[in-house]
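Peer 1: Here is a sequence together with a model predicted from it:
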Amino acid sequence: MPITPATATHSSSNGTADAILLELVDEDGVTIGTAEKLSAHQPPGRLHRAFSVFLFDERGRLLLQQRALGKYHSPGVWSNTCCGHPYPGEAPFAAAARRTYEELGVSPSLLAEAGTVRYNHPDPASGLVEQEYNHLFVGLVQAAPRPDPEEVAETAFVSPAELTERHGKDTFSAWFMTVLDAARPAVRELTGPSAGW
């Protein structure tokens, strides 16, 4: 992973949650300040910039990740390929590519913007709140994931039918269906109608 001004001046993914700064935004996604990560997620939550990535293989299957059990927020739940927060001043596209590599050891062979979605999702298990202005990205992955075990417990490629079955029996992140539904038009454009997304 190349060192950029954003990666050189910020702590690693293993840093404490309260030491990392997030970019606070207004309802239009305009930056209005910063807040420590943990404080931004304390109820009622403060609206902040985030991103969500959906990567697909050559068969049109979605790469899911199960969040590591040691994570302070939503540990052990299944979610989209990658999600996170840009550093203050970091472009969401750059943050999405950076975190996908850091968490999963892969660089997308294609990554495209897929719009934004704004949501408010309390997490009953942790008591934290996701108040996010989320930038969505879809793309392709051709290499096998090499997950960082401190970030990711497990990965799986799933078809739409397999996702439906898994979603019925496993626990998913509070935000998963919101971001997937918002990204669906771009997903269908990427994977084609035969993939069934």
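Peer 2: Yep, it's here.
Peer 1: And the helices in the chain?
Peer 2: Shown for the chain, the helices assigned by DSSP state H span residues 5-8, 37-40, 92-104, 160-169, 176-191.
Peer 1: Report all helices and strands that the third one contacts.
Peer 2: Just to be clear, that refers to helix 92-104. helix 5-8, strand 48-56, strand 62-67, strand 82-84, strand 110-122, strand 129-140, strand 152-158 (3 or more C-beta pairs under 8 Å, 6 or more residues apart in numbering; DSSP states H and E). For every residue, glycine as well, the C-beta is placed using N, CA and C.
Peer 1: ok, now with 7 Å
Peer 2: Packing partners of helix 92-104 (3 or more C-beta pairs under 7 Å, 6 or more residues apart in numbering; DSSP states H and E): strand 48-56, strand 82-84, strand 110-122, strand 129-140.
Peer 1: Show me the contact partners of the third one.
Peer 2: In this case it means strand 110-122. Strand 110-122 is contacted from outside by 27, 29, 45, 93, 96-97, 129-140, 174-175, 178-179, 182-183, 186, using C-beta atoms under 7 Å, 6 or more residues apart in numbering.
Peer 1: Find the nearest non-adjacent residue to the spatially most central residue of the chain, please.
Peer 2: Among the residues of the chain, residue 83 comes closest to the average C-alpha position under C-alpha atoms, centre = their mean, at 1.1 Å. Excluding the flanking residues, the one nearest residue 83 by C-beta to C-beta, 6 or more residues apart in numbering is residue 52, at 4.5 Å.
Peer 1: contacting residues for the one you found?
Peer 2: Residue 52 neighbours (C-beta under 7 Å, 6+ apart): 80, 83, 134, 136, 179.
Peer 1: Out of those residues, which comes closest to residue 151?
Peer 2: Closest approach to residue 151 among the contacts of residue 52 (C-beta to C-beta): residue 83, at 11.0 Å.
Peer 1: and the gap between that closest one and residue 166?
Peer 2: As judged by C-beta to C-beta, to the nearest Å, residue 83 and residue 166 stand 18 Å apart.
Peer 1: In the protein, where is pLDDT below threshold?
Peer 2: Applying pLDDT under 70 to the chain flags the ranges 1-18.
Peer 1: hmm, try it at 80
Peer 2: 1-19, 72, 125 (pLDDT under 80).
Peer 1: Tell me which residues of stretch 116-133 come out buried.
Peer 2: 116-117, 119, 121, 123, 128-133 (16 or more other C-beta atoms under 10 Å).
Peer 1: cool, stretch 161-169 as well?
Peer 2: So for stretch 161-169, counting by 16+ other C-beta under 10 Å, buried means 163, 167.
Peer 1: try stretch 170-183
Peer 2: Applying 16+ other C-beta under 10 Å to stretch 170-183 flags 172-176, 178-180, 182-183 as buried.
Peer 1: Cool, thanks, signing off.
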